[in-house]
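*Asks:* Provided below are the primary sequence and the corresponding predicted coordinates.
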Amino acid sequence: MIPNSPAPLDMNNLKEHKSINCSEYKSDKPKEACGVFGIYAPGEDVAKLTYFGLYALQHRGQESAGIATFDGSEVHVYKDMGLVNQIFSEDILEGLTGKLAIGHTRYSTTGSSRKANAQPSIVNTRLGKVALSHNGNLVNTWKLRNELVNSNFNLVTSTDSEMIIFAIAEAVNNGADWLNGTIEALHRCQGAFSLAIATPEGVIGVRDPYGIRPLVIGTLDSNPTRYVLASETCGLDIIGAKYLQDVKPGELVWITEDGLSLYNWSQNSQNKLCIFEMIYFARPDSMMNNESLYTYRLRLGRELAVESKVDADIVFGIPDSGVPAAIGFSQVSKIHYAEGIIKNRYVGRTFIQPTQSMRESGIRMKLNPLKDVLEGKRIIIVDDSIVRGTTSRKLVKALRSAGAIEVHMRISSPPVTHPCFYGIDTDTQDQLIAANKSTKEIAEQIGVDSLNYLSWEGMLKTTGKSSNDFCSACFTGDYPIKIPENMKRYKLMLENNKV
Ligand code: SF4
């Protein structure tokens with residue numbers, strides 16, 4: 001039987017239904033740093049535990065991933081471009097045997113997106129091989145590179161992470177043991193670095209003296225004498241490990257058969273955690289300062305509602321990162337929370353490589369406005385940040401096409417006016433919309449009826465801590481770690497032309 005032909009499509013009507021390419025929208029966000037993981041657990045399947053740890057840390061980098069395991073002095077490593085679940089198979093993980101492992105998920109902040117730059121990096125030394133996973137960005141890369149090239153090191157990647165591992169190798173080759181060699185090398189590094197390092201003897205975890213990037217320690221539920229390191233607590237939760245404590249700024253953790261030892265390797269440590277980790281980068285189910293970041297982000301939304309009241313019918317967040325703040329906004333403003341936009345959750349993130357051409361040719365994922373929810377409504381959309389603002393206009397247009405009669409945008413962080421030098425890709429200053437335009441001009445450019453950012457004071461108030469406890473340089477230009485002039489000149493090209 002031939003089925004009835006469907007009614008002809010109304011092409012005009014179809015054109016009306018606009019949607020936003022999700023990968024394009026995400027590309028207009030600050031790019032995540034990297035994820036690191038480490039484990040010392042003889043008798044356990046360390047490769048598989050690392051795999052799952054990286055799986056939970058996938059949001060911190062989607063370009064490449066890798067695992068290195070140590071079986072005595074023998075090292076097994078596998079790394080490739082792509083997502084964690086695309087790179088590893090059961091067969092590959094079975095080949096990664098050993099008593100300890102480290103892993104890495106990468107987004108490139110120094111060095112291009114290519115396989116040679118995937119981590120963990122491995123280098124041979126007098127005491128055997130050493131492997132390193134790095135989250136952050138050095139600010140003295142060129143100085144260190146020149147020193148190491150002069151010492152006849154043959155650099156094979158274009159990453160700053162390679163400088164750290166070669167500096168360790170140099171110290172070890174000059175006679176130091178793993179612990180002292182690592183500390184010696186750390187004193188040559190300036191910038192942001194949270195590290196997981198694997199040696200034939202044990203695993204080392206390190207945070208830079210400012211603790212810009214997070215790193216936590218956990219213990220295996222099945223064996224509390226076995227330790228795990230992860231960029232965020234979600235990397236512990238997934239393998240059933242219990243959170244023990246943060247690695248403190250300027251602290252080194254040495255995990256061996258004898259257990260865990262802590263060393264303050266820097267004499268000038270201070271807390272300068274990247275506040276953007278709390279606002280956007282880290283997963284909402286990760287814990288920081290004894291609460292989930294979901295709870296913290298609810299509070300950001302509540303404060304935003306206190307600061308920037310507006311009459312409207314519904315409020316919703318841009319999925320997924322704007323959702324907790326939008327719920328908080330709704331709680332205080334008493335404006336009904338409704339899902340006005342749906343994200344296709346069944347397709348992985350598409351920007352495996354960060355080049356524009358690859359993004360454009362990637363699979364088209366959609367943020368789809370819900371016409372029947374938006375029709376005739378005055379809406380408030382909440383997001384965590386605006387960086388370049390290039391796709392916000394498209395989003396607003398799509399919401400109006402779907403029937404919204406007023407569109408108000410609320411941002412749960414202050415305007416991003418300065419670039420990041422510590423491992424987050426927030427573009428150069430000329431590309432940051434808030435460095436070039438006033439809030440009113442931005443509102444006009446993106447086509448909203450009103451736009452408000454959370455104030456810097458409001459953002460800090462929600463942390464319950466002092467401004468001295470965080471890096472918030474992308475909002476203030478007050479960089480806690482000195483940036484070399486040549487690096488600064490390149491990114492702060494508009495410094496004398498600030499709005
Ligand atoms: S400059 Fe901004 S993104 Fe970079 S570490 Fe500081 S707060 Fe985080």
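*Replies:* Ah, there it is. Since the structure is predicted, the reported quantities are computational estimates derived from the model, not experimental observations.
*Asks:* every contact and neighbour count from this point should use C-alpha atoms.
*Replies:* Noted.
*Asks:* helices or strands up against the longest helix anywhere in the chain?
*Replies:* For the chain, the longest helix by residue count, based on DSSP state H, is helix 293-307. The contact analysis (3 or more CA pairs under 8 Å, 6 or more residues apart in numbering; DSSP states H and E) places helix 293-307 against helix 323-333, helix 456-463.
*Asks:* tell me which other helices or strands the longest one touches.
*Replies:* This points to helix 323-333. Looks like helix 323-333 contacts helix 293-307, strand 314-317, strand 336-337, strand 378-383 (3+ CA pairs under 8 Å, 6+ apart).
*Asks:* how close does whichever residue of the stretch 251-400 of the chain sits closest to the ligand get to residue 171?
*Replies:* The nearest approach of the stretch 251-400 of the chain to the ligand comes at residue 274, 3.8 Å away (CA to the nearest ligand atom). Separation of residue 274 from residue 171 (CA to CA, to the nearest Å): 30 Å.
*Asks:* between these two, who's got more neighbours?
*Replies:* The residue with more neighbours, out of residue 274 and residue 171, is residue 274; 25 against 21, by other CA atoms under 10 Å.
*Asks:* ok, the more buried one - contacts?
*Replies:* Each residue near residue 274 by CA atoms under 8 Å, 6 or more residues apart in numbering is listed here: 212, 213, 470, 471, 472.
*Asks:* what of residue 149?
*Replies:* Counting by CA under 8 Å, 6+ apart, residue 149 touches residue 155.
*Asks:* tell me the residues on the stretch 151-300 of the chain that lie near the ligand, please.
*Replies:* By CA under 6 Å from any ligand atom, the residues of the stretch 151-300 of the chain that approach the ligand are 212, 274, 275, 276.
*Asks:* what about these, which one has the most neighbours?
*Replies:* Tallying neighbours with other CA under 10 Å puts residue 212 at the head of those, with 29 neighbours.
*Asks:* which pLDDT does the model give it?
*Replies:* Among the per-residue scores, residue 212 shows a pLDDT of 97.
*Asks:* then residue 279?
*Replies:* Confidence at residue 279, expressed as pLDDT, is 96.
*Asks:* got it, and the one 10 residues further on?
*Replies:* In this prediction, residue 289 carries a pLDDT score of 93.
*Asks:* and it, what are its phi and psi?
*Replies:* The phi and psi values for residue 289, taken as degrees, to the nearest 10, are phi 50, psi 40.
*Asks:* what are the ranges of the helices in the stretch 351-499 of the chain?
*Replies:* With DSSP state H, counting those that start in this stretch as the criterion, the stretch 351-499 of the chain has helices at 356-360, 371-374, 392-401, 433-436, 439-446, 456-463, 473-476, 485-491.
*Asks:* returning to that earlier point: any idea which of the helices and strands packed on helix 293-307 is most buried?
*Replies:* Across the helices and strands packed on helix 293-307, averaging neighbours per residue (mean count of other CA atoms under 10 Å) puts helix 323-333 on top, at a mean of 25.
*Asks:* and that one with helix 293-307, angle?
*Replies:* 40 degrees (axes from the mean of the first three to the mean of the last three CA atoms, to 10 degrees).
*Asks:* first-to-last residue distance for stretch 386-405?
*Replies:* Chord length of stretch 386-405, first to last residue, is 22 Å (CA to CA).
*Asks:* quick one: distance of it to the chain centre.
*Replies:* Offset of stretch 386-405 from its chain centre (CA atoms, centre = their mean, to the nearest Å): 25 Å.
*Asks:* same question, stretch 334-344
*Replies:* A distance of 25 Å separates the centroid of the chain from that of stretch 334-344, by CA atoms, centre = their mean.
*Asks:* what's the answer for stretch 262-273, then?
*Replies:* Centroid displacement of stretch 262-273 relative to its chain, using CA atoms, centre = their mean, is 22 Å.
*Asks:* contacts for it, please.
*Replies:* Here stretch 262-273 makes contact (CA under 8 Å, 6+ apart) with 183, 187, 209-214, 249-254, 468-471, 480.
*Asks:* and if you look at stretch 293-300?
*Replies:* 278-279, 282-287, 324-329, 412-413, 454, 458-459, 462-463.
*Asks:* now that stretch: mean pLDDT?
*Replies:* The pLDDT scores in stretch 293-300 average 98.
*Asks:* kindly report the same for stretch 73-89.
*Replies:* Over the span of stretch 73-89, the pLDDT mean works out to 95.
*Asks:* residues of it that come out buried?
*Replies:* Going by neighbour count (16 or more other CA atoms under 10 Å), the buried part of stretch 73-89 is 75, 76, 77, 78, 79, 80, 81, 82, 83, 84, 88.
*Asks:* ok, stretch 62-76 next?
*Replies:* For stretch 62-76, burial by neighbour count (16+ other CA under 10 Å) applies to 62, 63, 64, 65, 66, 67, 68, 69, 70, 71, 75, 76.
*Asks:* and which of these is nearest to residue 115?
*Replies:* Nearest to residue 115 among the buried residues of stretch 62-76, counting by CA to CA, is residue 64 at 7.4 Å.
*Asks:* thought residue 257 was touching residue 225?
*Replies:* No. Using CA atoms under 8 Å, residue 257 is not in contact with residue 225; the gap is 9.3 Å.
*Asks:* so what's the residue count around residue 440?
*Replies:* Neighbour count for residue 440, taken as other CA under 10 Å: 13.
*Asks:* cool, and residue 484?
*Replies:* Neighbours of residue 484 under the rule other CA under 10 Å: 10.
*Asks:* kindly report the same for residue 405.
*Replies:* Neighbours of residue 405 under the rule other CA under 10 Å: 15.
*Asks:* for residue 184, give its distance to residue 123.
*Replies:* As judged by CA to CA, residue 184 and residue 123 stand 17 Å apart.
*Asks:* so for the two, which sits in the more crowded spot?
*Replies:* residue 184 (18 against 15).
*Asks:* help me confirm that the more buried one is found in a helix?
*Replies:* Yes. Counting by DSSP: H, G, I helix; E, B strand; the rest coil, residue 184 is part of a helix.
*Asks:* now it. Nearest residue, chain neighbours left out?
*Replies:* With CA to CA, 6 or more residues apart in numbering as the criterion, residue 184 has its nearest non-adjacent residue at 6.7 Å, and that residue is residue 171.
*Asks:* dig out what the residue of the stretch 51-200 of the chain found nearest the ligand forms beta bridges with.
*Replies:* Nearest to the ligand, among the residues of the stretch 51-200 of the chain, is residue 192, at 8.0 Å (CA to the nearest ligand atom). Note on residue 192: beta-bridge partners by DSSP bridges are residue 137.
*Asks:* just checking, it touches residue 215?
*Replies:* No. Counting by CA under 8 Å, residue 192 sits too far from residue 215 to count as a contact (12.0 Å).
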